[in-house]
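In: can you look at this prediction? I've put the sequence above it.
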Amino acid sequence: MTLSRSLLQGVGSLAAGTVFGLGLAVAQMTDPGKVLSFLDITGAWDGSLLFVLGAAVVFAAVAFHIILRRPSPLFDSRFHLPKSALIDARLMTGAAIFGMGWGIAGYCPGPAIASLGFGNTELLWLLPALLLGAALQAWLDRVSYPKAKLDSP
């Protein structure tokens, strides 16, 4: 990969992350109270985030439909997509753990990182735990699937 392609990927990633973070902030998904009230369907439920999530799903579905018609992404030689569409116990367990963590903390990883700009001190606990969990999962993948190539051409 040439330096210019690498630089374009970095700038593109920064731009996409900035737009994503701003969108999360505008939608108030960086406010754990707002998220927890959305998840509290038996109490004082606030369904306003349903519109944000719905719009994101519609936008992503249309964008994927258009973008995946291209032979490759703009700043890479190929698309890096999952090799399997299998819904297995490992996927369901991971999704359940992710959902429980989101429900307990009121933060999803994206909004948590976007919240760094607000100086939220809760993140001093959350982000190290998030990074530790990601490192633990990477280690478990290496131990459990030593010959598997999760993103091979």
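Out: Received, thanks.

In: show me what the lowest-mean-pLDDT helix or strand in the chain is packed against.
Out: Ranked by mean pLDDT, DSSP states H and E, the weakest helix or strand in the chain is helix 109-114, scoring a mean of 82. Applying 3 or more C-beta pairs under 8 Å, 6 or more residues apart in numbering; DSSP states H and E, one finds that helix 109-114 contacts helix 3-26, helix 123-144. No exception for glycine: its C-beta is placed from N, CA and C like everyone else's.

In: what's in contact with the last one?
Out: What it means is helix 123-144. G94, G101, A105, Y107, P109, A112, I113, S115, L116, A148, L150 (C-beta atoms under 8 Å, 6 or more residues apart in numbering).

In: before we move on, the earlier item: want to throw the helices and strands packed on helix 109-114 into CSV with distance to A85, mean pLDDT and mean neighbour count?
Out: Listed next are the helices and strands packed on helix 109-114 as CSV, based on distance: least, C-beta to C-beta, whole Å; pLDDT from 0 to 100; neighbours: other C-beta atoms under 10 Å:
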stretch, distance to A85, mean pLDDT, mean neighbour count
helix 3-26, 25, 85, 12
helix 123-144, 19, 86, 12
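
In: separation between the residue most central in space within the chain and A85?
Out: The structure's the chain has its C-alpha centroid closest to G110; by C-alpha atoms, centre = their mean the separation is 5.5 Å. Here the criterion is C-beta to C-beta, to the nearest Å. By it, G110 lies 23 Å from A85.

In: over to I41?
Out: 29 Å.

In: same deal with A27?
Out: From A27 to A85 the distance is 29 Å (C-beta to C-beta).

In: compare neighbour counts for these two and give me the winner.
Out: Remark: of A27 and A85, A27 carries more neighbours, 18 against 6, as counted by other C-beta atoms under 10 Å.

In: pretty sure that one sits against L49.
Out: Yes: between A27 and L49 there is a contact at 7.0 Å, judged by C-beta atoms under 8 Å.
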